[in-house]
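Chemist: Sequence and predicted model, in that order:
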Amino acid sequence: MVSNSVVIDALFGSGLNRPLEGINALLINYLNEHAKEIISIDLPSGLMSDTLEIGVPIIQASHTLSFQSTKLAFYFPENEKFIGEIHLLDIGLSAGFLHQVVPEISLINQELVEKIYKPRQRFSHKGTFGHALLLAGSYGKTGAALLAAKACMHSGVGLLTVGVPQCAYLILQVGLPEAMVTSDQKKNKLATIMPNYSNYQAVGIGPGIGTEKKTRQWLLNQLLVIQCPLVLDADALNAIAHEEKWHCIPKNSILTPHPKEFDRLFGLCQNSQERILKAIEKAKELSCIVVLKGHHTLIATSEGEVWFNTTGNAGMATGGSGDVLTGIITSLLAQGYVSKDAALLGVWLHGKSGDIASKRHGQEALVASHIIEFLGDAFLLMTNR
């Protein structure tokens with residue numbers, strides 16, 4: 001083979017059910033070493049379509065021309081180096097047939113969220129769009145509270161109250177004059193504040209609260225009395241994991257862990273497929289919604305429904321991005337969206353805002369505040385069609 005060869009790989013496809021070995025494995029390794037570029041048809045040879053295999057011979061394609069619909073394998077981070085850029089090709093399958101198929105996993109796309117989105121009515125007032133409560137921040141992590149609060153306001157909530165330690169009070173009042181602010185008796189952490197939760201339509205807890213012992217105990221006490229829709233993120237999940245009290249999570253809560261937070265809460269996973277399967281299992285077991293954040297964020301419900309998100313980019317892998325998502329979802333819950341719809345719409349908006357921001361600022365320069373900056377543009381994509 002000449003050094004500048006372009007290889008069209010169509011050796012094996014979605015029917016493969018075991019790792020390649022023998023002469024086939026030798027051929028795969030030879031092509032990976034000597035081809036200048038490999039274009040795979042349907043799937044890179046050696047890649048399983050719906051299971052994850054580590055350490056087996058797989059073609060490392062620069063482009064994958066896949067047929068009709070994406071494969072589960074494309075959503076495993078470990079497979080990124082094999083699939084390259086994905087091009088989805090319509091091969092003319094009957095549209096009627098495709099609509100009759102009930103997939104085990106669905107995609108969150110613009111068509112779906114446009115059905116979920118509720119346009120504003122002309123005679124609405126601020127009370128129409130709910131009152132949200134965010135409990136966030138600690139000394140050195142006030143930025144997390146501010147980001148979550150700004151995202152909440154920019155996602156359409158009518159009223160927002162933010163509960164913070166005393167050290168964050170002035171920062172929130174100045175940084176977000178549209179919100180109301182209440183403070184804990186403690187200067188540097190949340191440990192005593194006891195809101196009247198009946199005043200709120202949704203609550204978000206976790207961004208930047210830290211995991212000190214008094215904060216952990218305070219959180220567990222809140223979980224006993226909160227009855228409105230709830231989002232648990234970041235240090236709220238870390239605190240629950242530290243106390244090994246995940247069974248105390250209220251039913252119908254929305255949990256928004258990144259992979260490390262998920263593993264702290266539910267146990268170490270060896271790979272992304274194991275983590276996905278456990279997320280589906282825990283959503284059922286706890287009667288909650290798990291939003292497992294990642295490049296293709298996964299949402300699993302207590303009814304066993306599973307979605308992968310189609311928006312977002314690597315520029316969003318930056319501090320504060322998750323706090324923004326917490327604010328968005330909490331806002332949507334307060335506006336009356338049911339938990340599943342708030343998670344689906346919130347995750348899509350978060351990713352789409354990040355996509356718009358990356359086109360303006362580039363992925364390397366993108367920060368969490370840029371995601372908030374372009375939330376309005378993401379909403380307009382749904383309202384202007």
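Modeler: Received it, and whenever you're ready, just let me know what you need. Numbering: from 1, shown residues only.
Chemist: Tell me who's in contact with the nearest residue to His87 once chain neighbours are set aside.
Modeler: Leaving aside its chain neighbours, His87 sits nearest to Leu65 (5.0 Å; criterion: C-beta to C-beta, 6 or more residues apart in numbering). Heads up, the C-betas are built off the backbone N, CA and C, glycines and all. Going by C-beta atoms under 8 Å, 6 or more residues apart in numbering, Leu65 touches 39-42, 87, 89.
Chemist: Helix or strand: which one has Leu381?
Modeler: helix 375-383 (DSSP states H and E).
Chemist: Which helix or which strand is home to the residue nearest to His87?
Modeler: Residue-wise, Leu65 maps onto strand 63-67 under DSSP H and E.
Chemist: Dump that strand to PDB, restricted to CA.
Modeler: Once non-C-alpha atoms are left out, strand 63-67 reads as follows in PDB (Å, rounded to 0.1, in the frame of the first residue of the first chain):
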ATOM      1  CA  HIS A  63     -15.200   9.700   8.200                       C
ATOM      2  CA  THR A  64     -18.100   7.300   8.700                       C
ATOM      3  CA  LEU A  65     -20.900   7.300   6.200                       C
ATOM      4  CA  SER A  66     -23.700   5.700   8.200                       C
ATOM      5  CA  PHE A  67     -27.100   4.600   6.900                       C
END
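Chemist: For Pro165, give me its contacts.
Modeler: Each residue near Pro165 by C-beta under 8 Å, 6+ apart is listed here: 137-139, 183-184, 186-190.
Chemist: coming back round to it: so after the strand holding Leu65, what's the next helix or strand?
Modeler: helix 80-83.
Chemist: in that next one, what counts as buried?
Modeler: 82-83 (16 or more other C-beta atoms under 10 Å).
Chemist: and if you look at stretch 372-385?
Modeler: Residues of stretch 372-385 classed as buried: 372-375, 378-379, 381-382 (neighbour count, 16+ other C-beta under 10 Å).
Chemist: Give the rounded mean pLDDT of it.
Modeler: Mean per-residue pLDDT for stretch 372-385: 91.
Chemist: which residues sit against that stretch?
Modeler: Contacts for stretch 372-385 (C-beta under 8 Å, 6+ apart): 110, 113-114, 117, 119, 147, 150-151, 154-156, 324, 328, 349, 352-354, 356-357, 360.
Chemist: mind listing which of those residues are in helices?
Modeler: 110, 113-114, 147, 150-151, 324, 328, 349, 352-354, 356-357, 360 (DSSP state H).
Chemist: Spatially, which two of these are the most separated?
Modeler: Glu114 and Leu147 (26.8 Å; C-beta to C-beta).
Chemist: For those two, indicate the residue with more neighbours.
Modeler: Neighbour tally, Glu114 and Leu147, criterion other C-beta atoms under 10 Å: the higher count belongs to Leu147, 29 against 14.
Chemist: gap between stretch 269-288 and the chain center?
Modeler: Relative to the centre of its chain, stretch 269-288 is centred 14 Å away, using C-alpha atoms, centre = their mean, to the nearest Å.
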